[in-house]
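Undergrad: got a sequence here, can you model it:
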Amino acid sequence: MSFYGIAQANMSDDKNTNTSRDASRKVDLKFLMEALIREMRTLLRAKMEQVHERIDQVENALVGQPQNHPIV
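TA: Numbering: from 1, shown residues only. Here you go, the predicted structure:
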(Lines give C-alpha, C1' and ligand atoms only; values in the text may rest on other atoms or scores of the structure.)
Protein backbone atom coordinates (compact mmCIF):
# COMPACT_ATOMS: atom_id res chain seq x y z
CA MET A 1 0.00 0.00 0.00
CA SER A 2 1.32 3.42 -0.87
CA PHE A 3 1.75 6.29 1.54
CA TYR A 4 -1.26 7.97 -0.05
CA GLY A 5 -3.42 4.88 0.57
CA ILE A 6 -2.28 4.66 4.19
CA ALA A 7 -3.01 8.35 4.75
CA GLN A 8 -6.49 7.94 3.30
CA ALA A 9 -7.16 4.91 5.51
CA ASN A 10 -6.00 6.84 8.58
CA MET A 11 -8.18 9.81 7.65
CA SER A 12 -11.15 7.47 7.23
CA ASP A 13 -10.49 5.97 10.67
CA ASP A 14 -10.25 9.50 12.12
CA LYS A 15 -13.63 10.39 10.61
CA ASN A 16 -15.21 7.27 12.11
CA THR A 17 -13.63 8.03 15.47
CA ASN A 18 -14.79 11.65 15.32
CA THR A 19 -18.30 10.55 14.35
CA SER A 20 -18.32 8.10 17.23
CA ARG A 21 -17.08 10.81 19.61
CA ASP A 22 -19.72 13.25 18.34
CA ALA A 23 -22.47 10.67 18.84
CA SER A 24 -21.16 9.85 22.30
CA ARG A 25 -20.94 13.55 23.14
CA LYS A 26 -24.55 14.08 22.02
CA VAL A 27 -25.71 11.19 24.20
CA ASP A 28 -23.70 12.54 27.14
CA LEU A 29 -25.20 16.00 26.64
CA LYS A 30 -28.69 14.53 26.45
CA PHE A 31 -28.25 12.72 29.77
CA LEU A 32 -26.66 15.80 31.30
CA MET A 33 -29.59 17.95 30.17
CA GLU A 34 -32.11 15.44 31.53
CA ALA A 35 -30.32 15.38 34.88
CA LEU A 36 -30.21 19.18 34.96
CA ILE A 37 -33.93 19.46 34.17
CA ARG A 38 -34.75 16.86 36.83
CA GLU A 39 -32.71 18.78 39.40
CA MET A 40 -34.34 22.09 38.44
CA ARG A 41 -37.81 20.53 38.81
CA THR A 42 -36.90 19.24 42.26
CA LEU A 43 -35.64 22.67 43.34
CA LEU A 44 -38.68 24.41 41.88
CA ARG A 45 -41.07 22.05 43.66
CA ALA A 46 -39.30 22.68 46.97
CA LYS A 47 -39.46 26.46 46.50
CA MET A 48 -43.10 26.36 45.43
CA GLU A 49 -43.93 24.31 48.52
CA GLN A 50 -42.40 27.08 50.64
CA VAL A 51 -44.47 29.68 48.79
CA HIS A 52 -47.68 27.69 49.32
CA GLU A 53 -46.90 27.25 53.01
CA ARG A 54 -46.38 31.00 53.38
CA ILE A 55 -49.66 31.73 51.57
CA ASP A 56 -51.44 29.34 53.93
CA GLN A 57 -49.89 31.14 56.92
CA VAL A 58 -51.07 34.52 55.65
CA GLU A 59 -54.55 33.21 54.89
CA ASN A 60 -54.85 31.60 58.33
CA ALA A 61 -53.70 34.82 60.00
CA LEU A 62 -56.47 36.70 58.18
CA VAL A 63 -59.22 34.33 59.34
CA GLY A 64 -61.30 35.99 62.04
CA GLN A 65 -59.99 39.47 61.37
CA PRO A 66 -62.57 42.06 60.38
CA GLN A 67 -62.64 42.73 56.68
CA ASN A 68 -62.64 46.25 55.31
CA HIS A 69 -65.85 46.57 53.34
CA PRO A 70 -66.40 49.61 51.15
CA ILE A 71 -69.11 51.96 52.30
CA VAL A 72 -72.01 51.83 49.87
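
Undergrad: can you tell me the element residue 55 falls in?
TA: Residue 55 is part of helix 3-62, with elements assigned from DSSP states H and E.

Undergrad: for residue 65, helix, strand, or coil?
TA: Secondary structure, DSSP: H, G, I helix; E, B strand; the rest coil: residue 65 is coil.

Undergrad: that one: what's it in contact with?
TA: By Cβ atoms under 8 Å, 6 or more residues apart in numbering, the contact set of residue 65 is empty. Heads up, the C-betas are built off the backbone N, CA and C, glycines and all.

Undergrad: and it, how close does it get to residue 23?
TA: Distance from residue 65 to residue 23, counting by Cβ to Cβ, to the nearest Å: 64 Å.

Undergrad: now do residue 19: how many residues are near it, please.
TA: Each residue near residue 19 was counted by other Cβ atoms under 10 Å, and the total is 10.

Undergrad: need phi/psi at residue 65.
TA: Backbone geometry at residue 65, expressed as degrees, to the nearest 10, gives phi -80, psi 140.

Undergrad: from residue 58, how far out is it?
TA: 11 Å.

Undergrad: what does the pLDDT read for residue 62?
TA: Note on residue 62: pLDDT of 86.

Undergrad: kindly report the same for the one 10 residues further on.
TA: You'll see residue 72 listed with a pLDDT of 60.

Undergrad: coming back round to it: what packs against the helix holding residue 55?
TA: Helices and strands touching helix 3-62, by 3 or more Cβ pairs under 8 Å, 6 or more residues apart in numbering; DSSP states H and E: there are none.

Undergrad: begin at 506 from now on, thanks
TA: Got it, the first residue is 506 from now on, which makes the last one we talked about helix 508-567.

Undergrad: number of residues surrounding residue 526?
TA: Going by other Cβ under 10 Å, the residues that sit close to residue 526 add up to 10.
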